[in-house]
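**Q** Build me a model:
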Amino acid sequence: MPPDSFSSPTEFQKLSDQENQGAPQSSQGCTRILLVDDHPVVRKGLLACLSGRANLLVVAEAADGLEALQKVGELSPDLVLMDVEMPKMDGLAATQAICREFPNTKVLIVSMHNNPEYIVQAIQMGARGFALKTSPSEELIKAIEIVQGGEPFFPGQALLAAENYLSKKDAPKDPTGLFEREKEVLVHLAAGFGNREIADLLKISVRTVESHRARLMKKLNIHTIAGLTRYALAHGFISLNPSFSMPHGADPEIHLPTTPGLRS
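**A** Numbers count the residues shown, from 1 in each chain. Next comes the predicted model:
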């Protein structure tokens with residue numbers, strides 16, 4: 001999210017003047033906000049966007065999910081604006097931990113990816129809303145006010161994704177408990193592809209692959225590629241048989257490596 005998505009040069013100057021003069025700000029009646037994003041420029045843009053609002057006060061920033069958890073514990077903010085893809089601990093894992101350990105702090109996911117799967121996972125982790133970094137600044141302010149007022153905020157695509165997810169709750173559950181993208185990453189990891197190759201094949205970022213890989217290992221309690229490969233073999237995701245194809249009932253949209261089975 002470039003800074004000019006959320007602010008004007010004048011707003012940036014006002015922010016700079018406040019910082020240089022050490023102007024005090026009162027938190028009385030304000031929504032106290034923690035900004036969490038691994039990109040300093042994005043945090044600066046968000047800060048500039050929120051600085052001119054009398055009812056909003058940014059109390060701290062964090063560059064990853066672990067730091068966010070620490071800051072929430074220390075400062076008890078009302079609201080966390082949370083990125084998804086970050087090092088050490090991604091935003092979805094951090095959201096789950098915050099909602100479990102600090103239920104009085106709400107989380108609003110702010111992401112550049114309009115991905116229904118991310119949105120459904122955000123809902124599952126306990127997030128109160130999902131906003132896009134590419135949205136106008138007024139849309140972000142609206143999202144903050146709605147979430148802080150006790151109501152959920154999700155764009156139309158998010159609501160559709162959530163409805164589709166809820167409509168499938170009574171359907172037979174996948175025994176692996178994995179999302180389709182996680183299955184795709186599992187198949188490619190087990191087939192011998194590296195993070196960069198998987199990113200290129202699935203048309204996603206390397207950081208996204210790393211996030212899915214970390215969540216796979218956490219969900220399955222498996223912490224090595226060899227272990228993931230054994231799991232994939234045991235559950236029929238890959239096979240040593242050259243004539244292997246995906247097991248019956250698997251999502252036909254899942255992207256498999258071009259050569260079935262383990263990579264030579």
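
**Q** from here on, contacts and neighbour counts on C-alpha atoms
**A** Fine.

**Q** residues of stretch 33-43 that come out buried?
**A** Using 16 or more other Cα atoms under 10 Å as the test for burial, stretch 33-43 gives 33-38, 42-43.

**Q** Max pairwise distance over those residues: which two?
**A** 33 and 38 (16.3 Å; Cα to Cα).

**Q** how about the residue nearest the centre of the chain, phi and psi?
**A** Closest residue to the average C-alpha location of the chain: residue 84 at 2.5 Å, with Cα atoms, centre = their mean. Residue 84 has phi and psi values of phi -100, psi -60 when expressed as degrees, to the nearest 10.

**Q** Am I right that it is in contact with residue 111?
**A** Yes. Counting by Cα atoms under 8 Å, residue 111 is a contact partner of residue 84 at 6.2 Å.

**Q** Can I get the lengthiest helix in the chain as CSV, trimmed to CA atoms?
**A** The residue-count maximum for a helix in the chain (DSSP state H) belongs to helix 206-220. Coordinates of each C-alpha in helix 206-220 appear next as CSV, following Å, rounded to 0.1, in the frame of the first residue of the first chain:
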residue,chain,number,x,y,z
VAL,A,206,7.6,-16.9,-2.3
ARG,A,207,6.4,-15.4,1.0
THR,A,208,3.0,-16.8,0.5
VAL,A,209,4.5,-20.3,-0.2
GLU,A,210,6.5,-19.9,3.0
SER,A,211,3.4,-19.0,5.0
HIS,A,212,1.5,-22.0,3.7
ARG,A,213,4.4,-24.2,4.4
ALA,A,214,4.6,-23.0,8.0
ARG,A,215,0.9,-23.5,8.5
LEU,A,216,1.1,-27.0,7.0
MET,A,217,3.8,-28.0,9.4
LYS,A,218,1.9,-26.5,12.4
LYS,A,219,-1.4,-28.1,11.4
LEU,A,220,0.1,-31.5,10.8
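
**Q** Can you mark which positions in that helix are buried?
**A** Residues 206-217 are the ones in helix 206-220 that count as buried (16+ other Cα under 10 Å).

**Q** and residue 55, how far is that from residue 199?
**A** Distance of residue 55 to residue 199, given as Cα to Cα, to the nearest Å: 41 Å.

**Q** I'd like the mean pLDDT over stretch 97-105, please.
**A** For stretch 97-105, the mean pLDDT works out to 94.

**Q** and the residue lying closest to residue 121 once chain neighbours are set aside, how far is that from residue 82?
**A** Of all residues not flanking residue 121 in the chain, residue 92 sits nearest, at 7.3 Å (Cα to Cα, 6 or more residues apart in numbering). With the distance defined as Cα to Cα, residue 92 ends up 8 Å from residue 82.
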